[in-house]
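A.B. asks: Provide a 3D model corresponding to the input given below.
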Amino acid sequence: MDILILSAGKTDKTVKGPKSDRPLRGYGRRQAEKIGALLARQDLRPDTILVAPGQRARQTAELALKAAGWTPNGIEEVPSLAHGIMPEIEDTGRTLLVAAPKVTDRLVTSLLPALSGAPGFLTLVTVGQGTMELFDAINPRDLSELFPYPAPDGPDRRLRPAYYYTQSAVIPYRSSQQGTEVLIISSSSGQHWGVPKGIVEPGLTPAVSASLEALEEAGACGHVNDEPLGHYSFEKWGAPCSVTVFPMEVSHMVPNTEWQESHRARRWASKDEAISLLRHTDLHSMVEAL
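C.D. replies: Numbering: from 1, shown residues only. Got it, this is the predicted structure:
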């Protein structure tokens, strides 16, 4: 069997509370994603994912798996990992363990005492017939800052993992006495108007991913038609992102207290008003087609 031991990424120091419960900061996210791209390139997909309790270890595992293009499902929290205690592991398959760096150092040392103090963000240990062998020990600083595109062995290189560049959006609408109305939202900066849009998460369809963005960014729930209204592209992270746009008939709105991104503004507008306000001109014909 193979054991992958992954150190959790650096956390956001501005967030209070135990380090194990803090989200990763930008550098920590890139650490995890660079390792994920490496796992995909070397075809090291884990069969079991065990993480120490808390947001830090779980987010590290999720980002690594998504950067590899894999669905981040089946992650299991194991309390003993927080204390550097090796959990019971099946004799077959490949297991990924994720915990804080000091803890993973202890785990590696418990398996291979000769590696005590050796640097490494990711360590792969092969165990067989009562013996243990170090397969590799990797520090993300030694990996490229660019990610292969469009696949783990793709010829191009981009600033972010490949899945970042495939996105989906919804144009939320409702029928009223005044006719069809469109729900538009402000950008995070409040400088322009748009519609809910985001990265298509690995394992989700573009339509399902867009419906989740509508709930998160606009606090809107409803039915998303699987037939897209159209497509457009825009530049971000040094390359074009492709966006598939779906219509969503809104059934209800969540109150501000339950709206995840209530720092945004949201408003219902007529189709003509929405067309005059939306920043991306590619959306104008799609709004008209509702």
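A.B. asks: can I see the domain layout of this structure?
C.D. replies: 2-144, 162-288 (automatic domain parsing).
A.B. asks: for those, which one sits closest to residue 150?
C.D. replies: domain 162-288 (5.3 Å; CB to CB). No exception for glycine: its C-beta is placed from N, CA and C like everyone else's.
A.B. asks: which one is residue 286 nearest to, not counting chain neighbours?
C.D. replies: Excluding its sequence neighbours, the residue lying closest to residue 286 (CB to CB, 6 or more residues apart in numbering) is residue 229, at 4.1 Å.
A.B. asks: quick one: residues contacting residue 242.
C.D. replies: Counting by CB atoms under 8 Å, 6 or more residues apart in numbering, residue 242 touches 165-167, 231, 233.
A.B. asks: hmm, try it at 6 Å
C.D. replies: Contact analysis of residue 242 by CB atoms under 6 Å, 6 or more residues apart in numbering lists 166, 233.
A.B. asks: cool, and residue 171?
C.D. replies: 195, 247.
A.B. asks: check which helix or strand it maps to.
C.D. replies: strand 166-176 (DSSP states H and E).
A.B. asks: any idea which helix or strand comes after that strand?
C.D. replies: strand 179-186.
A.B. asks: return the distance of that following strand from the chain's centre.
C.D. replies: Mean-position distance between strand 179-186 and its chain equals 28 Å (CA atoms, centre = their mean, to the nearest Å).
A.B. asks: got it, and stretch 218-238?
C.D. replies: Centroid displacement of stretch 218-238 relative to its chain, using CA atoms, centre = their mean, is 17 Å.
A.B. asks: and the end-to-end length of it?
C.D. replies: Terminal residues of stretch 218-238 lie 27 Å apart, using CA to CA, to the nearest Å.
A.B. asks: can you tell me, leaving aside adjacent residues, what's nearest to residue 96?
C.D. replies: residue 46 (3.8 Å).
A.B. asks: then residue 226?
C.D. replies: Per CB to CB, 6+ apart, closest to residue 226 is residue 207, 5.2 Å.
A.B. asks: and that neighbour, what is it in contact with?
C.D. replies: Residue 207 neighbours (CB under 6 Å, 6+ apart): 224, 226, 246.
A.B. asks: surely residue 122 meets residue 35?
C.D. replies: Yes. Under the criterion of CB atoms under 6 Å, residue 122 makes contact with residue 35 at 5.1 Å.
A.B. asks: now do the contacts for residue 202.
C.D. replies: Residue 202 touches 66, 69, 71, 163, counting by CB under 6 Å, 6+ apart.
A.B. asks: and the gap between it and residue 170?
C.D. replies: 19 Å (CB to CB, to the nearest Å).
A.B. asks: noted, bye for now.
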